[in-house]
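here is my input; please provide its structure:
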Amino acid sequence: MEMNDKKKLISSRVIFQLLLFIFVLPFLPLLISWHWSWWEAWVYGSLSILSFTGSRILAARRHPDLISERSRLTQHENAQVWDKKLLPLLGSGGILVMLIAGLDALLDWSHAFSMPVKILALVIMLAGYALSSSALIENRFFSGTVRLQTDRGHKVISTGPYHWLRHPGYAGAMLVYLATPLFLDSTWAFLPAIFTMILYVIRTAREDRFLQDELVGYRDYVQQVRYLLLPGVW
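Residues are numbered from 1 along each chain as shown. Model (predicted):
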C-alpha cells in the first residue's frame, strides 16, 4: 500500500511538472500582464507548446528510448559537473525572458515594435523551432545533459541538420531567444535573452570539446562539419 501511494505521489508530481513547464510557462507573459487580447503572447505560447509536444511525439516514434533518456535529466551519474551548474542557469534565463516580457507589458516599460519587425521576429522564431525540433528528432542521443552515453551505444550523428551544424539544437534555441523580445514588444527582455544565449555559447564550446575528447569518431566529424552554431562564422 505504501509503495502504491508513493507511485501515485511520484506520478502526480511528474504530471504537475509537465503541466507547469509545458503548458503554463509558455503563457507566463499573459498570466503576469493579464492582457488577454495580447495576440502576440497567445501566438508565442501556442508555438512553444506545439513545438515541444510535436517534436517529442515525433522523436518518441523514431527513438522510443530518447524520451526516457531526457526524462532522467538529474539522475545520470556521469553527467559533466560543469553542465550541472549551467543547466539551472539556462532554465532560469528562459523563465526570466517570459517573466520580464510579462512585467513589461503590465507596466508599459517599452514601446511596441513595428509590424514588419514582429513579422521578421516570427519568421526567426519559426526557423528556430524548426531547427531545434529537427535536431531532436534526428538525434537519438539528444540528451538533456552532457554525458557520454555508453549505456545507449553513443555514436556520432551527421545526418539531417547535423550535416551543416554540429549543434543545431542550440542554434535553434538561440534564434528563438533572439526573436522573443521583438515579438513580445519587450526591450528589457533582451537582457535575460542575451544572458541565456551567452550560456548556450559556453555550453556549446564545452560540450564540443568534451565530445572531441571522449566520443569515438567525433574528431573526424569536426573535420567534415566545420561550424558549431552559425555557418560561416563559428
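
got the contact list for the spatially closest residue to residue 171 that is not a sequence neighbour?
Leaving aside its sequence neighbours, residue 171 sits nearest to residue 229 (C-beta to C-beta, 6 or more residues apart in numbering; 4.6 Å). All C-beta spots, glycine's among them, are computed from the backbone N, C-alpha and C. Residues near residue 229 by C-beta atoms under 8 Å, 6 or more residues apart in numbering: 165, 167, 170-171, 174, 201, 204.

now swap in residue 108 and tell me
Counting by C-beta under 8 Å, 6+ apart, residue 108 has no contacts.

and the strands in this protein?
Here the chain has no strands by DSSP state E.

mind listing the helices for it?
2-18, 28-33, 39-62, 64-71, 81-107, 115-138, 168-183, 190-214, 218-224 (DSSP state H).

and the last one, what other elements does it pack with?
I take that to be helix 218-224. Judged by 3 or more C-beta pairs under 8 Å, 6 or more residues apart in numbering; DSSP states H and E, the packing partners of helix 218-224 are helix 190-214.

what residues sit buried inside the helix it packs on?
For helix 190-214, the buried set under the neighbour-count rule, 16 or more other C-beta atoms under 10 Å, comprises 190, 192-193, 195-197, 199-201, 203-204, 207-208, 210-211.

same check, this time on stretch 97-113
Within stretch 97-113, the residues that qualify as buried are 97-105, 110, 113, counting by 16+ other C-beta under 10 Å.

related to what we said a few turns ago, out of the helices of the chain, deepest packed?
With neighbours defined as mean count of other C-beta atoms under 10 Å, these peak in mean count at helix 168-183, which reaches a mean of 23.

kindly export it (C-alpha atoms) in CSV.
Taking C-alpha atoms only, helix 168-183 is exported to CSV below (Å, rounded to 0.1, in the frame of the first residue of the first chain):
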residue,chain,number,x,y,z
PRO,A,168,21.7,22.7,-34.5
GLY,A,169,19.5,22.2,-31.4
TYR,A,170,21.3,25.0,-29.5
ALA,A,171,21.4,27.2,-32.7
GLY,A,172,17.6,26.9,-32.9
ALA,A,173,17.1,27.7,-29.3
MET,A,174,19.2,30.8,-29.7
LEU,A,175,17.2,32.0,-32.6
VAL,A,176,14.0,31.8,-30.5
TYR,A,177,15.6,33.7,-27.7
LEU,A,178,16.8,36.4,-30.1
ALA,A,179,13.3,36.9,-31.6
THR,A,180,11.2,36.6,-28.4
PRO,A,181,11.8,40.2,-27.1
LEU,A,182,11.0,41.6,-30.5
PHE,A,183,7.8,39.6,-30.9
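
tell me the contacts of the spatially most central residue of the chain?
Among the residues of the chain, the one closest to the centroid is residue 173, at 5.1 Å (C-alpha atoms, centre = their mean). Applying C-beta under 8 Å, 6+ apart, one finds that residue 173 lies in contact with 128, 132, 200.

cool, thanks, signing off.
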